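K.L.:
A predicted structure for the sequence below; I have some questions about it.
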Amino acid sequence: MFSYCTDPSTLEGLSWLSCYLTTGKHMSLYVSVFVVLVLLAITAPTALLFGFGAATATRSRIPPLRWFGWGYTNIVRGVPDIAFFLFFVIALDQAFEWLRHKVKCPEWDEPVRQGVDFVVCEAAKLPLGSAPQWVHETYGFFLAVLTFAIVFGAFAANVLFGAMRAVPHAQMETAEAYGMSRRQAFWRVLVPQMWVYALPGLSNLWMVLIKATPLLFLLGVEDIVYWARELGGTKSPRFTDYPHGDWRMWYFLALLVFYLGFTRVSEIVLDKLMKRLTKGQATAAGEAQRKAAA
């Protein structure tokens, strides 16, 4: 990156370190940090949307919807995350390709499942073999977001369902007594108040989601843990211009600082959000704020 990095063998000290930390592979490490942040920024609201939908379905008076919400919440929560990440993504990818195969290649007369192989026509593959690298990476990222959202959406559904039940039922009855329909009472009374009860559980879920991002490597995404392990391993002069010993401890120490710093910032933001939501509310936290103000 710097002009003096032309011949690494002549460098030493901070000059060597500055060149070493700006190599192409280190740039990939820095990009992977951005990928993790984007994943969290997209996955969190998506998982919350899945969870809200499942929690609402679980409360539905329509039995099939209620069964679906209950089944999704309990089945996904009951499967170990690593097993879900290992096998669900493969099944999801094959499901997409199978649907495209049925549409794009109706004349195909060979079985799709051939022993342990899953064979579809060339036009049905996702992404296409001729697609550029960024398309493959974007598709892998999409699968990662969808998988994370489905897994953590089930946990969010359980939290939100409990929060909905925590809102005093008398308030819903009062709203209906004033002429509100069941739907109006749900959106105007229950939903605004349930977040006070849901935020502690959602805060914990957010922390778990942050810690789960290293599972990205199971989905084929080169995340920060992958690059830390790759760059920190012993490098000999034969394979790199910047040889060094086993530095994995330092790379993982940097990851430790990154995750601890990120979770600490999250705690501060969530604490301020909790104080804002509970202000004036008839909850223990709201009562504590009133006593502190007095």
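P.N.:
Nice, thanks for sending it over.
K.L.:
Contacts for stretch 74-91 next, please.
P.N.:
With contact meaning C-beta atoms under 8 Å, 6 or more residues apart in numbering, stretch 74-91 is reached by 143-144, 147, 150-151, 153-155, 158, 212, 215, 218-219. No exception for glycine: its C-beta is placed from N, CA and C like everyone else's.
K.L.:
From the residues you listed, pick the one nearest Thr58.
P.N.:
Of all the contacts of stretch 74-91, Thr58 sits closest to Asn158, with 9.1 Å by C-beta to C-beta.
K.L.:
and the closest one, what element?
P.N.:
helix 133-166 (DSSP states H and E).
K.L.:
Which elements pack onto the helix or strand following that helix?
P.N.:
The helix or strand immediately downstream of helix 133-166 is helix 169-177, counting by DSSP H and E. In terms of contacts (3 or more C-beta pairs under 8 Å, 6 or more residues apart in numbering; DSSP states H and E), helix 169-177 is packed against helix 182-185.
K.L.:
and the helix or strand that the helix it packs on is followed by, which residues are buried?
P.N.:
Counting by DSSP H and E, the next helix or strand C-terminal to helix 182-185 is helix 191-212. Buried residues in helix 191-212, counted by 16 or more other C-beta atoms under 10 Å: 191, 193-194, 196-199, 201-203, 205-207, 209-210, 212.
K.L.:
quick one: helix 191-212 to chain centroid distance?
P.N.:
Its chain's average C-alpha position is 14 Å from that of helix 191-212, according to C-alpha atoms, centre = their mean, to the nearest Å.
K.L.:
what sits up against it?
P.N.:
40, 43-44, 47-48, 81, 148, 152, 155-156, 159-160, 162-164, 166-167, 171, 259, 262-263, 266-267, 270, 273-274, 277-278, 281, 283, 285-286.
K.L.:
returning to what we had before: and the angle for the helix holding Asn158 with helix 191-212?
P.N.:
For helix 133-166 against helix 191-212, the angle by axes from the mean of the first three to the mean of the last three C-alpha atoms, to 10 degrees is 130 degrees.
K.L.:
returning to that earlier point: as a markdown table, the contacts of stretch 74-91 with distance to Ser181 would be great.
P.N.:
Formatted as a markdown table, those follow (distance: C-beta to C-beta, whole Å):
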| residue | distance to Ser181 |
| --- | --- |
| Leu143 | 40 |
| Ala144 | 40 |
| Thr147 | 37 |
| Ile150 | 32 |
| Val151 | 34 |
| Gly153 | 28 |
| Ala154 | 29 |
| Phe155 | 31 |
| Asn158 | 27 |
| Ala212 | 40 |
| Leu215 | 43 |
| Leu218 | 46 |
| Leu219 | 43 |
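K.L.:
mind listing the strands for the protein?
P.N.:
Under the criterion DSSP state E, the chain carries strands at the ranges 113-114, 117-118.
K.L.:
now those strands in a markdown table, with mean pLDDT?
P.N.:
Formatted as a markdown table, these follow (pLDDT from 0 to 100):
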| stretch | mean pLDDT |
| --- | --- |
| strand 113-114 | 77 |
| strand 117-118 | 78 |
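K.L.:
Reformat those strands as TSV; add mean neighbour count and distance to Lys25.
P.N.:
As requested, these are exported to TSV (neighbours: other C-beta atoms under 10 Å; distance: least, C-beta to C-beta, whole Å):
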stretch	mean neighbour count	distance to Lys25
strand 113-114	10	38
strand 117-118	10	33
